[in-house]
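S.K.: Sharing a model prediction with you, sequence too.
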Amino acid sequence: MTLRIRISWPAGHTTATLEETPTSKTLMGVLPITSTARTWGEEVYFDTPVSAAVESDARQVVEPGTVAFWTEGDALALPYGPTPIARGAECRLASPCNLLGALDSDPRVLATVRDGDPIRVEPVEQAHRGRSRGGV
């Protein structure tokens, strides 16, 4: 089963595809959520009502566009470029985070998120994907 989410803020939106992990399943169970965006270098993160343990594949250095869960802050972390602790151009998160999935499009769209913006995460309904686009 494919898990997809839509993330929206005043200046834009994006979608992401998540792997089935304990954390992503818990997150899907509480959606939709609205939170307040925070920025840290080229990362957007925000609080969620989810608490999760660190999973075995948790990583601190990830690819731009990774959807990660920061267990120490109960927050989604969406890096799109270097953070203040990065070495070079890498995306280095504050600590190892659970890997949930990846954004479906260019992660640079996250550069339009401003610190303090309201941010909403909701499931992408499966019904929207299989609809016919034509006549009779």
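M.R.: Great, that's in hand. Numbering: from 1, shown residues only.

S.K.: Buried ones in stretch 2-22, by neighbour count?
M.R.: 3-9, 14, 16, 18, 21 (16 or more other CB atoms under 10 Å). C-beta coordinates here come from the backbone N, C-alpha and C atoms, glycine included.

S.K.: oh, I was asking about stretch 53-71
M.R.: Buried residues in stretch 53-71, defined by neighbour count with 16+ other CB under 10 Å: 55, 58, 62, 64-71.

S.K.: for those, which one is nearest residue 111?
M.R.: Within the buried residues of stretch 53-71, proximity to residue 111 (CB to CB) peaks at residue 64, which comes in at 10.9 Å.

S.K.: quick one: the nearest residue in space to the closest one that is not next to it in sequence and residue 18, what's the gap?
M.R.: Among residues not flanking residue 64 along the chain, residue 107 sits closest, at 4.6 Å (CB to CB, 6 or more residues apart in numbering). Using CB to CB, to the nearest Å, residue 107 is found at 15 Å from residue 18.

S.K.: Which stretches in this protein count as helices?
M.R.: 22-30, 127-130 (DSSP state H).

S.K.: Who are the packing partners of the strand ranked longest in the chain?
M.R.: Longest among the strand segments of the chain by residue count, using DSSP state E, is strand 91-103. On a contact count with 3 or more CB pairs under 8 Å, 6 or more residues apart in numbering; DSSP states H and E, strand 91-103 meets strand 12-18, helix 22-30, strand 59-62, strand 66-70, strand 75-79.

S.K.: now that strand and strand 12-18, what's the angle there?
M.R.: Note on geometry: by axes from the mean of the first three to the mean of the last three CA atoms, to 10 degrees, strand 91-103 and strand 12-18 are set 80 degrees apart in direction.
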